[in-house]
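*Asks:* Coordinates for the following, if possible.
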Amino acid sequence: YYQGCSDEGHSDLYAACLEALIRRWRADWGDETLPFLMVQLAPFGEWMGNYGTEYPTLRASQLEVAGTLENVYVASIGDAGMRYDIHPKHKRKPGERLGLLALSHVYGADVPADAPAAKDMVFDGDTAVIRFENGQMLP
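*Replies:* Residues are numbered from 1 along each chain as shown. Okay, here's the model as predicted:
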């Protein structure tokens, strides 16, 4: 599922609407745990007078729903946006990340699939040390 670009004007409702959509589709398919994989909205600079000021809220809503509902996963593409286009033209990275999520969470393959997420942070003098979950591939 890769949608949300036009939801900036009602970002406060996005989480509730996304959750309702997933529940409805699952009801329609007769499977309350039907896997649902989505792509987090990509960053951009400016597109037709839009600056994505509510995109962080929409991205947080996507993560919130994934953390609330069972069997919902998010492919992060924060590194795949385009400066002057709301719709990134390079689809390989999102496709590969969705594929890894499916292999791991739907088919049970032992592959790294989830995006790194900050786990905690401690200060050591003037240095912040951040630990990540799912950060095996980080340098």
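
*Asks:* which stretches of this protein form strands?
*Replies:* Secondary structure of the chain (DSSP state E): strands at 36-39, 72-75, 117-124, 127-133.

*Asks:* so what strands line up beside the third one?
*Replies:* It stands for strand 117-124. strand 127-133 (antiparallel) (DSSP bridges).

*Asks:* quick check: mean pLDDT across the strand it pairs with?
*Replies:* Strand 127-133 shows a mean pLDDT of 90.

*Asks:* export it as CSV, just CAs?
*Replies:* Output in CSV follows, covering the C-alpha atoms of strand 127-133 (Å, rounded to 0.1, in the frame of the first residue of the first chain):
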residue,chain,number,x,y,z
THR,A,127,28.4,13.0,22.5
ALA,A,128,25.0,11.4,22.1
VAL,A,129,25.1,7.6,21.7
ILE,A,130,22.0,6.3,20.0
ARG,A,131,21.2,2.6,19.9
PHE,A,132,19.0,1.1,17.2
GLU,A,133,16.7,-1.8,16.8
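
*Asks:* Now do the buried residues in the longest helix along the chain.
*Replies:* Longest helix of the chain, by residue count under DSSP state H: helix 14-29. Residues Tyr14, Ala15, Leu18, Glu19, Ile22, Arg26 are the ones in helix 14-29 that count as buried (16 or more other CB atoms under 10 Å). Placement of C-beta: from N, CA and C, glycine included.
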